[in-house]
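Participant: Mind folding the following:
(one chain, ligands or ions: 1)
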Amino acid sequence: MHDPDLLLQTTPSVRRRLDLERPVERDVLEECLDLAVHAPNGSNTQPYRFLFVDDADRRAALADIYRAAMADFVARPRTDAAEDNVDRSGEAQQRIARSVAHLAEHLHEVPVLCVPLVAGRTDGAGAGAHADRTSAFWQANRWGSVIPALWSFMLALRSRGLGSAWTTLTLVREREVAEVLDIPFEKWMQVGLFPIAHTIGTDFRPTPRRPAAEMMRWNAFRGD
Ligand SMILES: Cc1cc2nc3c(=O)[nH]c(=O)nc-3n(C[C@H](O)[C@H](O)[C@H](O)COP(=O)(O)O)c2cc1C
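Facilitator: Now for the predicted structure:
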């Protein structure tokens with residue numbers, strides 16, 4: 001992991017090169033998660049679960065929810081927020097758009113769908129001790145207690161010839177996903193939906209990004 005090129009090859013989202021024909025063994029997922037659980041998490045309580053779905057009917061139901069959520073998202077009211085004003089005219093953005101459409105179309109065919117969960121809701125819709133914990137502190141604490149493990153898991157997948165893509169669209173219809181998977185909605189918050197498959201080939205090109213220098217500020221925040 002000291003080789004930066006290796007990291008660049010392993011971080012791109014895998015959508016079009018998920019192998020829809022080859023099954024994913026449960027053992028390899030457990031092996032990857034065994035590596036991932038060593039990630040930092042709040043007070044070392046590991047307040048997360050990784051719910052893997054390989055049942056065809058439930059995968060089909062999740063894929064339908066994903067596609068409906070995507071339609072909701074596309075039709076949302078636009079604001080001046082950056083995410084509402086993405087310029088899709090460039091080649092890189094068009095590649096991403098084609099890739100996103102491909103995943104939506106084939107999601108039910110992906111051998112395993114994973115829904116990671118974190119204990120305690122931060123949206124005020126929860127029950128029990130976490131019901132009122134909606135501040136930025138509690139949000140950072142909850143999300144920060146699952147995302148490092150999840151990212152480690154995704155890198156572990158890539159080290160074993162499997163791939164995934166971070167998706168959050170199903171959270172637009174989170175309660176429907178909870179119903180399909182018997183998740184106690186008031187206690188467990190979903191992080192997203194992660195398609196998992198062996199990859200077709202392993203030579204991945206990184207998506208262009210703005211360079212680090214544009215993102216760095218020193219000593220005090222300036223600009224935007
Ligand atoms: C928080 C978050 C939410 C995302 N949601 C989706 C999604 O719902 N569907 C999807 O196809 N990709 C989703 N992505 C993947 C991004 O589109 C992708 O990371 C970005 O286009 C850059 O491409 P790359 O990951 O291949 O470098 C999401 C990524 C993040 C980090």
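
Participant: Helices along the chain, start to end?
Facilitator: 4-10, 26-36, 56-74, 91-106, 136-144, 147-159, 174-181, 212-215 (DSSP state H).

Participant: What residues does the chain have near the ligand?
Facilitator: Residues of the chain lying near the ligand by CB under 6 Å from any ligand atom: 12-13, 96, 100, 103, 165-169, 207. All C-beta spots, glycine's among them, are computed from the backbone N, C-alpha and C.

Participant: repeat that with 8 Å
Facilitator: 11-15, 66, 70, 73, 96, 99-100, 103-104, 165-170, 192-193, 206-207, 209 (CB under 8 Å from any ligand atom).

Participant: Name the nearest residue to Glu109, ignoring sequence neighbours.
Facilitator: Closest residue in space to Glu109, ignoring its immediate chain neighbours: Leu20 at 4.4 Å, by CB to CB, 6 or more residues apart in numbering.

Participant: same deal with Thr134?
Facilitator: In space, Thr134 is closest to Gly124, 5.1 Å off (CB to CB, 6+ apart).

Participant: Please name the residues that touch the one you found.
Facilitator: By CB atoms under 8 Å, 6 or more residues apart in numbering, the contact set of Gly124 is 131-132, 134.

Participant: repeat that with 10 Å
Facilitator: 130-134 (CB atoms under 10 Å, 6 or more residues apart in numbering).

Participant: can you check Val100 too?
Facilitator: By CB under 10 Å, 6+ apart, the contact set of Val100 is 13, 15-16, 70, 165, 167, 169.

Participant: Neighbour count, distance to Ala92 and pLDDT added to the residues you listed, as TSV?
Facilitator: TSV is the format used below for those (neighbours: other CB atoms under 10 Å; distance: CB to CB, whole Å; pLDDT from 0 to 100):
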residue	neighbour count	distance to Ala92	pLDDT
Ser13	18	13	95
Arg15	22	14	97
Arg16	15	15	97
Met70	19	20	98
Ala165	20	16	98
Thr167	22	19	98
Leu169	21	20	98
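
Participant: Now the most centrally placed residue in the chain. Nearest residue, chain neighbours left out?
Facilitator: Nearest to the geometric centre of the chain sits Trp166, at 2.8 Å (CA atoms, centre = their mean). Spatial nearest neighbour of Trp166, excluding adjacent residues (CB to CB, 6+ apart): Gly192 at 6.1 Å.

Participant: and Arg205, how many neighbours does it have?
Facilitator: Counted with other CB atoms under 10 Å, residues neighbouring Arg205 total 9.
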